[in-house]
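1. Fold the following.
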Amino acid sequence: MKLNYKKLGEGHPLIIVHGLYGGSDNWLSIAKELAKNFEVYTIDQRNHGNSPHANSHTYQDLKNDLLEFMDDHKLEKAILLGHSMGGKTVMFFATDYPERISSLLVVDIAPKNYSKISDYAPQTIDHTCIVNAMLTLDLSAFKSRTEIDQNLAESINSDRVRQFLLKNLKRDENKNFAWKLNIKTINEFLPQIMDGIDGNRFTNGKGITAFPVLFIRGEKSNYITDYDHTLIRAIFPKAEITTIPNAGHWVHAEQAKLLVKTVEYFVLD
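-> Modelled structure (predicted):
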């Protein structure tokens with residue numbers, strides 16, 4: 001699949017992979033800062049942004065899309081920076097193609113399955129609520145983004161989440177509102193999006209150590225807990241884990257400058 005992307009700067013390649021409901025535009029300000037030191041690519045993953053829609057959305061799909069992107073752009077090795085679902089994409093990619101990675105940075109997501117009962121977290125429930133709210137909304141009935149926001153507020157309490165979702169609105173050929181997201185496929189594949197990596201594959205010294213790895217969590221987020229450190233280091237034995245203060249799950253929106261500094265310090269040091 002040919003992914004939509006933006007390219008900025010010069011230097012060693014760095015690919016930014018966004019999360020669920022996100023897109024390359026969400027990372028543009030971060031990319032501009034990083035482009036002072038790197039050749040930065042921000043991609044739209046399938047079923048998001050301006051990339052093609054498909055009837056499948058698994059991490060097998062997403063990592064294959066990323067491999068095709070790197071091959072098309074003749075990127076033998078790159079720094080991979082992934083947030084949330086994008087963090088899962090780059091982790092799954094790392095398990096199969098470690099030779100294509102020079103550094104791996106994972107923002108506010110663990111390798112675990114987020115839909116297991118033992119791991120049941122509020123954000124898993126939130127995603128079901130969010131997708132259902134978007135799927136059942138008849139966008140053609142609304143004349144303004146404000147009206148859509150007010151309707152979504154009946155199901156989604158968080159103003160930040162709603163504003164994030166509203167960035168996915170576009171006008172169709174009839175000038176009606178429509179989602180850029182392929183929300184139908186995302187709904188069907190939500191269990192796969194919550195999927196994780198089997199840590200048992202990496203026992204007895206089989207962990208991935210070919211490149212530096214940094215996990216960046218938001219202080220106010222519960223996506224990465226202390227209990228997740230064991231799984232992280234089973235797969236990536238030399239992984240470092242750091243916390244960005246005063247940030248929730250959307251670290252790049254809440255602490256952009258500090259995130260850029262953290263990335264640069266880790267990769268350029």
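2. could you say what helices and strands the host helix or strand of Lys6 packs with?
-> Under the criterion of DSSP states H and E, Lys6 resides in strand 5-8. Contacts defined by 3 or more Cβ pairs under 8 Å, 6 or more residues apart in numbering; DSSP states H and E place strand 5-8 against helix 28-34, strand 38-43. In short, each C-beta sits where N, CA and C put it, glycine included.
3. export these to CSV and tack on mean pLDDT, distance to Leu190 and mean neighbour count?
-> Output for the helices and strands packed on strand 5-8, formatted as CSV (pLDDT from 0 to 100; distance: least, Cβ to Cβ, whole Å; neighbours: other Cβ atoms under 10 Å):
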stretch, mean pLDDT, distance to Leu190, mean neighbour count
helix 28-34, 97, 26, 19
strand 38-43, 98, 21, 24
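4. Can you give me the buried ones in the strand holding Lys6?
-> Across strand 5-8, burial judged by 16 or more other Cβ atoms under 10 Å covers 5-6, 8.
5. Arg233 contacts Ala239, correct?
-> Yes - with contacts counted by Cβ atoms under 8 Å, Arg233 reaches Ala239, the gap being 5.8 Å.
6. Could you check how far stretch 78-97 is from the centre of its chain?
-> 9 Å (Cα atoms, centre = their mean, to the nearest Å).
7. what pLDDT, on average, does it get?
-> The pLDDT scores in stretch 78-97 average 98.
8. For this structure, name the helix or strand with the lowest mean pLDDT.
-> Within the chain, no helix or strand scores below helix 122-136, which has a mean of 80 by mean pLDDT, DSSP states H and E.
9. Next, the buried residues of it.
-> Under 16+ other Cβ under 10 Å, the buried positions of helix 122-136 are 124, 127, 130-131, 133-134.
10. Give me the contact list for that helix.
-> With contacts defined as Cβ atoms under 8 Å, 6 or more residues apart in numbering, helix 122-136 is touched by 20-21, 114-115, 152, 155-156, 161, 165, 179, 181, 183-184, 186-187, 190, 193-194, 222-223, 249.
11. residue ranges for the helices of the chain, please.
-> Secondary structure of the chain by DSSP state H: the helices cover 28-34, 59-72, 85-96, 122-136, 145-152, 159-166, 183-188, 190-193, 229-235, 251-254, 256-268.
12. The fourth one versus helix 159-166: what angle between them?
-> To tie it back to what came earlier, the one meant is helix 122-136. Going by axes from the mean of the first three to the mean of the last three Cα atoms, to 10 degrees, helix 122-136 is angled at 40 degrees with respect to helix 159-166.
13. Count the residues that sit near Asn222.
-> Neighbours of Asn222 under the rule other Cβ atoms under 10 Å: 13.
14. Look up how far Glu76 lies from it.
-> 37 Å (Cβ to Cβ, to the nearest Å).
15. Could you do Leu214 as well?
-> Leu214 is 22 Å from Glu76, by Cβ to Cβ.
16. Give me the more crowded residue out of the two.
-> Leu214 (20 against 10).
17. buried set for stretch 165-175?
-> 165, 168-169.
18. in the stretch 151-269 of the chain, what spans have low per-residue confidence?
-> Scanning the stretch 151-269 of the chain for pLDDT under 70 picks out no residues.
19. Out of the helices and strands packed on strand 5-8, which gets nearest to Lys143?
-> helix 28-34 (28.4 Å; Cβ to Cβ).
20. I'd like to know which elements that closest one is packed against.
-> Using 3+ Cβ pairs under 8 Å, 6+ apart: helix 28-34 touches strand 5-8, strand 12-17, strand 38-43, helix 256-268.
21. how about a cut-off of 6 Å?
-> Contacts defined by 3 or more Cβ pairs under 6 Å, 6 or more residues apart in numbering; DSSP states H and E place helix 28-34 against strand 38-43.
22. and the strand it packs on, which strands flank it?
-> strand 5-8 (antiparallel), strand 12-17 (parallel) (DSSP bridges).
23. what's the distance between the last one and the middle of its chain?
-> When C-alpha coordinates are averaged (Cα atoms, centre = their mean), strand 12-17 and its chain have centres 13 Å apart.
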